[in-house]
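Undergrad: following is a predicted model, sequence given first.
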Amino acid sequence: MSPARAMVQDANGAAAAAKPLANSSKLPKEVSDCTYELIESVAQFLLDRVSIRPKIGIICGSGMDGTTGCLADALTDSTSFPYETIPYFPTPTVPGHMGRLVFGYLGDVPVMCMQGRFHYYEGYPLWKCAMPVRVMKLVGVTHLLASNAAGGLNDKYRVGDIMIIKDHINLLGFAGNNPLMGPNDERFGPRFPAINRAYDVNVRRMAKQVATEMDINNITHEGVYSVVGGPSFETIAEIRMLGALGVDAVGMSTVHEVITARHCGMTSFAFSLITNKSVTDYESYEEPNHEEVIDMGKQREPVLKEFITRLVKKIEDDRDE
Ligand SMILES: O=P(O)(O)O[C@@H]1C[C@H](O)[C@@H](CO)O1
């Protein structure tokens, strides 16, 4: 075992160690209070308590972040921080979304993993939803991998399929809402970042190789994701509009995280698990619901775990070259 590994505390130990400091600090209310220095202090809080130095940060979407069968459970030599023990961190309010930041090894690759994310519909502004991505950056993470659950619009997609995201339509952005709104600190990135190459072509290529190796090409696609605010699912007219815009899958997350990651120079990759088919027919009695989203996430969890583990390994090997 490497010296770095030997120093990692067990999950309970670290959580206990984290508690006293965290309770004394409240999440800032205004974006202008969420400064570089504040994010730096959160990153330092974590770095002081773990010895591994991950280059890959993972955000687990619905179904992969629950109390059972979560990706984070697959990490070895793990140190876990319940969100409420981390200074200035928000806490999730959605059933099925745990709230823990877990450091550990996926296979033999050091990673940090968000088990539970923050959504706009929970009442958090987008900068707050995406704040953990900046923490990852200052911890030293170079690659963000985000997963989500999404409704499938593309006729070829079936429930349980995987969609590698090649691009997004930021509907919240169209409505004048973006995680980068507010003062810009150039230490994170430029005022006007380009976002047209948000989903890294090289990592997407690796993900497709992984799908081939796992023999899951028949359930793997590449497509366009659109974010809506939620929490209500879409109307039929809205789904038809999104389809006409070229959207393949629709969800309520990820885009603000990827924008924030790209702004601070991180390489980004994201994929959707198609947990339900979007309803396009006025005669249909089908209704999307959160329970089916969680159930499908759990059913596909072994495949997704394998998919992410192999991808993380490829990214790490590629970084080393
Ligand atoms: O966090 P993700 O985007 O995976 O969660 C999706 C969107 C809503 O939070 C929820 C709807 O069931 O799943």
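TA: Arrived safely, thanks for sending.
Undergrad: would M206 count as being in a helix?
TA: Yes. Under DSSP: H, G, I helix; E, B strand; the rest coil, M206 sits within a helix.
Undergrad: that one and L311: what is the separation?
TA: As judged by CB to CB, to the nearest Å, M206 and L311 stand 6 Å apart. Any C-beta I mention is one placed from the backbone N, CA and C, and that applies to glycine too.
Undergrad: so which of the two has more stuff around it?
TA: Per other CB atoms under 10 Å, whichever of M206 and L311 has more neighbours is L311, with 24 against 20.
Undergrad: touching, the more buried one and S147? I think so.
TA: No. Using CB atoms under 8 Å, L311 makes no contact with S147, being 10.7 Å away.
Undergrad: phi and psi next, for E30.
TA: E30 adopts backbone torsions of phi -110, psi 150, taken as degrees, to the nearest 10.
Undergrad: how about the residues of this protein by the ligand?
TA: Contact residues (CB under 6 Å from any ligand atom) of the chain with the ligand: 61-62, 94, 117, 119, 148-149, 230, 251-253, 290, 293.
Undergrad: farthest-apart pair in these, please.
TA: For the residues of the chain next to the ligand, the maximum inter-member distance is 14.6 Å, found between R117 and H290 (CB to CB).
Undergrad: those two: which has the busier surroundings?
TA: R117 (27 against 16).
Undergrad: tell me which residues touch the more buried one, please.
TA: 59-61, 65, 92, 97, 129, 132, 253, 257 (CB atoms under 8 Å, 6 or more residues apart in numbering).
Undergrad: cool, and Y120?
TA: Y120 touches 126, 129, 172, 177, 229-230, 252, 256, counting by CB under 8 Å, 6+ apart.
Undergrad: what's the helix or strand where D295 lies packed up against?
TA: Here D295 sits within helix 290-320, counting by DSSP states H and E. The contact analysis (3 or more CB pairs under 8 Å, 6 or more residues apart in numbering; DSSP states H and E) places helix 290-320 against strand 56-60, strand 100-106, strand 109-115, strand 143-152, strand 162-170, helix 201-213, strand 267-277.
Undergrad: that one vs strand 162-170, what angle?
TA: For helix 290-320 against strand 162-170, the angle by axes from the mean of the first three to the mean of the last three CA atoms, to 10 degrees is 90 degrees.
Undergrad: what's the angle between helix 290-320 and strand 143-152?
TA: Angle of helix 290-320 versus strand 143-152, following the same axes, to 10 degrees, is 150 degrees.
Undergrad: just want the angle from helix 290-320 to strand 56-60.
TA: Compare the direction of helix 290-320 with that of strand 56-60 by the same axes, to 10 degrees and you get 170 degrees.
Undergrad: now, which of the contacts of R117 lie within strands?
TA: Assignment to strands by DSSP state E places the following of these there: 59-60.
Undergrad: possible to save the contacts of R117 as a markdown table with neighbour count, pLDDT and distance to P190?
TA: Below are those laid out as a markdown table (neighbours: other CB atoms under 10 Å; pLDDT from 0 to 100; distance: CB to CB, whole Å):
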| residue | neighbour count | pLDDT | distance to P190 |
| --- | --- | --- | --- |
| I59 | 27 | 96 | 23 |
| C60 | 28 | 93 | 29 |
| G61 | 28 | 90 | 28 |
| D65 | 27 | 74 | 32 |
| P92 | 20 | 74 | 30 |
| H97 | 23 | 67 | 32 |
| C129 | 21 | 96 | 21 |
| P132 | 25 | 98 | 21 |
| S253 | 26 | 97 | 24 |
| E257 | 28 | 98 | 18 |
